[in-house]
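# Build the 3D model from these lines:
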Amino acid sequence: MVDLSTNYLRLKLKNPLIASSSPLCTHVQNVKKMEDAGIAAVVLQSLFEEQIQKEQLMLDKGLVQGTEHFAEALTYLPDIRPYCFRSSDYMEQIIKTKEAVDIPVIGSLNGTNVWGWIKYAREMEKAGADAIELNIYNLPVSPAISSSQVEQTCVNLVREVSRSVAIPVSVKMGPFFSSIPEMISRISNAGAAGVVIFNRFYQPDIDLQKLEVKPVLHLSTSDELLLRIRWIALLFDKIKIDFAVTGGVHTIQDVLKCIAAGARVSMMTSALLQKGISHISRLLAGIGEWLEENRYESMEAFHGVMGRSSVENTEAFERANYMKVLGSYRSE
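Presented below is the predicted three-dimensional model:
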């Protein structure tokens, strides 16, 4: 029988499937069902620092003040009042989830300043979280803020949080940094044990009939996986950090591509929302069958087999593939 176990964030996991942060992980019953279906770990929904700060009311007032003058512009900022809850509720959820399941439970934190990240990271650790995922979701809109300032802020946050807790820390980042390899290297040097690539940022749409900005949620597709496995394949064995993929993981083939490229784990939400929690067991059965048919005794033996670490000039390799793709196109 094929050994599907893997290691991620110094955690021994029974397989490479993790339920990523989403409303599915809000209820203990769902987490228990996912464990029974075979999921290796879960990332709880994000705790947003803004939701629990004492200055919440002042922030809320600032967001809505003056909307009668330029309401359309301010509607790009969501009304966060319906999502407010106390940090104690989140910590209680960690405690209850840990009591109900045997799989690792990873807390997710979306903060705005060093004080908030450290405070709530420590609370998560105390509540029993096995690891912490820092969700870097910062939208700089001021022309006065440089790219280097944005990057340094992220690195500083990772460093301070990693120093403040004993449990491993991972960073969920977006694909919009000027140099992704350099940014991941700095994150690793700052103390992060893992990096999750890439965050899916939700974009607002415009209702032309009402002239209003409306939130839109599009679930991922397997096409989104290509950007992620490309970067992991390029960076595998070049940066000492555990890679995780999120966004576009739906099928047996998707998971296998992630591991072949060099990811330790594949995270999913959209596939579970569309196909149900039972999809987990079907994926694991199919992954085991594929590895056995292709004579791999373990997931570890398959890990990184398509990484580009053996290619001396990766830039030339990438350009060659780019030209090959363009040359293969034929118009009808």
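# drop to CA atoms for contacts and neighbour counts, all remaining ones
Will do.
# these two touch, right, residue 173 and residue 194?
No. Counting by C-alpha atoms under 8 Å, residue 173 stays clear of residue 194, with 10.8 Å between them.
# Quick check: buried residues in stretch 215-230?
If you call a residue buried by 16 or more other C-alpha atoms under 10 Å, then stretch 215-230 has these buried ones: 220, 225, 228-230.
# Okay, strands next: where are they in the stretch 201-332 of the chain?
Ranges of strands in the stretch 201-332 of the chain, per DSSP state E, counting those that start in this stretch, are 205-207, 212-214, 242-246, 265-268.
# how about the ones you listed, which one is nearest residue 164?
strand 242-246 (20.1 Å; C-alpha to C-alpha).
# helices or strands next to that closest one in the packing?
On a contact count with 3 or more C-alpha pairs under 8 Å, 6 or more residues apart in numbering; DSSP states H and E, strand 242-246 meets strand 194-197, helix 225-235, strand 265-268.
# list the buried ones in the longest helix anywhere in the chain?
Ordering each helix of the chain by length in residues (DSSP state H) puts helix 147-164 first. By neighbour count on 16+ other C-alpha under 10 Å, the buried set for helix 147-164 is 153-162.
# From those, pick the one nearest residue 11.
The closest of the buried residues of helix 147-164, once distances to residue 11 are taken by C-alpha to C-alpha, is residue 162, at 16.2 Å.
# That closest one - nearest residue in space that isn't next to it in sequence?
Leaving aside its sequence neighbours, residue 162 sits nearest to residue 191 (C-alpha to C-alpha, 6 or more residues apart in numbering; 5.5 Å).
# just to revisit the earlier point, and the strands of the stretch 201-332 of the chain: which comes nearest residue 91?
Here strand 265-268 is closest among the strands of the stretch 201-332 of the chain (C-alpha to C-alpha), at 22.6 Å.
# so how far is residue 269 from the closest residue in space to residue 101 that isn't next to it in sequence?
Leaving aside its sequence neighbours, residue 101 sits nearest to residue 32 (C-alpha to C-alpha, 6+ apart; 6.1 Å). From residue 32 across to residue 269, the span is 16 Å (C-alpha to C-alpha, to the nearest Å).
# So for these two, which sits in the more crowded spot?
In this view residue 32 and residue 269 are compared by other C-alpha atoms under 10 Å, and residue 269 has more residues nearby, 24 against 18.
# Would you agree that one is in contact with residue 17?
No. In this structure residue 269 lies outside contact range of residue 17 using C-alpha under 8 Å: 10.8 Å.
# so can I have CSV of the buried residues of helix 147-164 showing pLDDT?
Below are those laid out as CSV (pLDDT from 0 to 100):
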residue, pLDDT
153, 90
154, 91
155, 94
156, 93
157, 93
158, 95
159, 96
160, 95
161, 95
162, 97
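# Which one of these is nearest to residue 2?
Nearest to residue 2 among the buried residues of helix 147-164, counting by C-alpha to C-alpha, is residue 162 at 34.7 Å.
# Now do the helix or strand harbouring residue 117: which elements does it pack against?
Using DSSP states H and E, residue 117 sits in helix 114-127. Judged by 3+ C-alpha pairs under 8 Å, 6+ apart, the packing partners of helix 114-127 are helix 87-100, strand 105-110, strand 131-135, helix 147-164.
# Quick check: which of the ones you listed is nearest to residue 10?
strand 131-135 (9.2 Å).
# Show me what the closest one pairs with in its sheet, parallel or antiparallel.
As defined by DSSP bridges, the strand partners of strand 131-135 come to strand 105-110 (parallel), strand 169-173 (parallel).
# for this protein, longest strand please?
strand 41-48 (DSSP state E).
# what angle do that strand and helix 114-127 make?
If you take axes from the mean of the first three to the mean of the last three C-alpha atoms, to 10 degrees, strand 41-48 sits at 140 degrees to helix 114-127.
# Could you pull up the mean pLDDT of strand 41-48?
Throughout strand 41-48, pLDDT has a mean value of 92.
# Extract the C-alpha set from that strand and format it as PDB.
Only the C-alpha atoms of strand 41-48 are listed here, as PDB (Å, rounded to 0.1, in the frame of the first residue of the first chain):
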ATOM      1  CA  ALA A  41      -5.300  19.100   8.400                       C
ATOM      2  CA  VAL A  42      -7.500  22.200   8.400                       C
ATOM      3  CA  VAL A  43      -6.900  25.900   8.300                       C
ATOM      4  CA  LEU A  44      -9.600  27.800  10.200                       C
ATOM      5  CA  GLN A  45     -11.200  30.800   8.800                       C
ATOM      6  CA  SER A  46      -9.200  34.000   9.100                       C
ATOM      7  CA  LEU A  47      -9.300  36.100  12.200                       C
ATOM      8  CA  PHE A  48      -9.200  39.700  11.000                       C
END
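# List the pairing partners of it within its sheet, with orientation.
Applying DSSP bridges, one finds strand 41-48 paired with strand 17-19 (parallel), strand 105-110 (parallel).
# Please work out how many residues are found near the closest residue to residue 195 other than its chain neighbours.
With sequence-adjacent residues excluded and distances taken as C-alpha to C-alpha, 6+ apart, residue 195 is closest to residue 171, at 4.7 Å. By other C-alpha under 10 Å, the residues close to residue 171 number 27.
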